[in-house]
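Undergrad: Structural data only, the sequence is not supplied:
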């Protein structure tokens, strides 16, 4: 039990620290991205909200699309996942980010194959 309590405190302190980074520099998309990834471990809805904020404020930040799409997929919100992957594919294509483009296309194909 001590380990579980200690782990929860560590996650809470990481979230607090990451939130502080966001507050100090809200223009850096990585701060929001890191916060969303941390929330994804314990509070998926908060993670969705933060990823969506990233899409609104930093639509060019490609990693958001993969992780938000996968999160929607885990939450069985398939249409939303598909839409996010497709948006990400367009952004990655415009940025000529071939690695992200391949990852997003593969995630989209996997989603279509599974559903």
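TA: Looks like it came in fine. Being a predicted model, the structure only gives us computed values, none of them experimental.

Undergrad: can you give me the helices in this structure?
TA: 2-24, 29-40, 44-57, 63-74, 78-95, 98-114 (DSSP state H).

Undergrad: least reliable of those helices going by mean pLDDT?
TA: Comparing mean pLDDT across these, the weakest is helix 2-24, with a mean of 73.

Undergrad: Now residue 50: closest residue in space that isn't a chain neighbour?
TA: Leaving aside its sequence neighbours, residue 50 sits nearest to residue 36 (C-beta to C-beta, 6 or more residues apart in numbering; 3.9 Å). Using the backbone N, CA and C atoms, a C-beta is placed for each residue, glycine as well.

Undergrad: Could you tell me how far the one you found is located from residue 16?
TA: 15 Å (C-beta to C-beta, to the nearest Å).

Undergrad: distance of residue 86 from residue 31?
TA: In this view, residue 86 and residue 31 are 26 Å apart by C-beta to C-beta.

Undergrad: that older thread, is it possible to get CSV of the helices of the chain that adds mean neighbour count?
TA: CSV is the format used below for these (neighbours: other C-beta atoms under 10 Å):
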stretch, mean neighbour count
helix 2-24, 12
helix 29-40, 20
helix 44-57, 17
helix 63-74, 21
helix 78-95, 18
helix 98-114, 15
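
Undergrad: if I pick residue 72, what's in contact with it?
TA: Shown in contact with residue 72 (C-beta atoms under 8 Å, 6 or more residues apart in numbering): 48, 78, 80-81, 84.

Undergrad: Residue 112: which of those is nearest?
TA: The closest of the contacts of residue 72 to residue 112 turns out to be residue 78 (C-beta to C-beta; 9.4 Å).
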